[in-house]
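1. pasting the sequence and the predicted model now:
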Amino acid sequence: MSMPELAQTALPVRMTGIWTTFGNKVIHRDLSLEVKPGEVVGLVGGSGSGKTTLLRHMMGLTEPARGTVEVFGEHIQSAHFLRQRRLRERWGVLFQFGALYSALSVLENIMVPLHERGNLSRAEMMDIAYLKLAQSGLRPSDADKLPSELSGGMIKRAALARAIVLDPELLFLDEPTSGLDPVAAGEFVELMLSLRHLLGLAAIVVTHEIFRLEPMIDRVAVLADQHVVANGTLDEVRKVDHPFIHQYFMTGAS
């Protein structure tokens, strides 16, 4: 019997009634959040507000104490292993520091998800990897370099190429401009705008630099007091009367 097809029209991400606890400490209390198809949502909050923890819940790496996490209409916590694997092929992840394998070349790093999927020859995998290399703004001559030979901006681009190598519908980005100078950060935003237009990606972006990313963000969700205290465009969020939001915008979020 073939496995039922995953929902094609469901929201990329829907979190409902999420509680996250570490011992007696409550990180999230009855939190809800969703990402619509083709939408880029910025997730901001203070240190310890649980931004990256939410991202890990969405990827099925950790489970909340209570509540449901749906990715493309599937309950990620209870999905069968093979269904989880199919779901993971529909998203890509850009980790904060790139998380490239130091002993592998750029091209080999990009090919890792293709190896995991299987059913492709090495020549086919290389063709796809070179395409994603180009889409991420790197040159063919960068393919054989090791991560130690790359600048911070190039590491982000190589990691992004790996994140999109399976043509995902959804990206998880953890502090994508962290450690980049203003020029490199601006170039990354321009790259993401181009990829959104090219691939129609939805994304959720954990960041403390929302102002740098403003051109690529459709909506901002603000974590404070253990839940989402504001959710809307940047202009809408600015008007919300909450102490954290006042502080965030007064300090420029840098």
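-> Yes, it's here.
2. hey, let's count contacts and neighbours off CA atoms from now on
-> Fine.
3. hey, what's the closest residue to Gly38 other than its chain neighbours bridged with?
-> Take Gly38 and drop its neighbours on the chain: the residue closest to it by CA to CA, 6 or more residues apart in numbering is Ala202, 4.1 Å away. Per DSSP bridges, the residues bridged to Ala202 are Leu170.
4. contact partners for Ala202?
-> Contacts for Ala202 (CA atoms under 8 Å, 6 or more residues apart in numbering) come out as 12, 35-40, 169-171, 196.
5. one more time with 7 Å
-> By CA atoms under 7 Å, 6 or more residues apart in numbering, the residues touching Ala202 are 37-40, 169-171.
6. buried stuff in the helix or strand where Ser194 lies?
-> Assessed by DSSP states H and E, Ser194 sits inside helix 182-199. Within helix 182-199, the residues scored as buried using 16 or more other CA atoms under 10 Å are 184-189, 191-193, 196.
7. kindly reformat these as a markdown table containing pLDDT and distance to Tyr248.
-> Compiled in a markdown table, the buried residues of helix 182-199 are given as follows (pLDDT from 0 to 100; distance: CA to CA, whole Å):
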| residue | pLDDT | distance to Tyr248 |
| --- | --- | --- |
| Ala184 | 87 | 23 |
| Ala185 | 89 | 20 |
| Gly186 | 90 | 21 |
| Glu187 | 90 | 24 |
| Phe188 | 89 | 23 |
| Val189 | 91 | 21 |
| Leu191 | 90 | 26 |
| Met192 | 89 | 24 |
| Leu193 | 90 | 25 |
| Arg196 | 86 | 27 |
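8. follow-up on the earlier one: most neighbours among the contacts of Ala202, please name it.
-> Counting neighbours by other CA atoms under 10 Å, Leu170 leads the contacts of Ala202 with 30 neighbours.
9. who touches stretch 211-219?
-> Contacts of stretch 211-219 (CA under 7 Å, 6+ apart): 39-42, 189, 193, 231-234.
10. if you set the cut-off to 8 Å instead, what comes out?
-> 39-42, 185-186, 189, 192-193, 231-234, 252-253.
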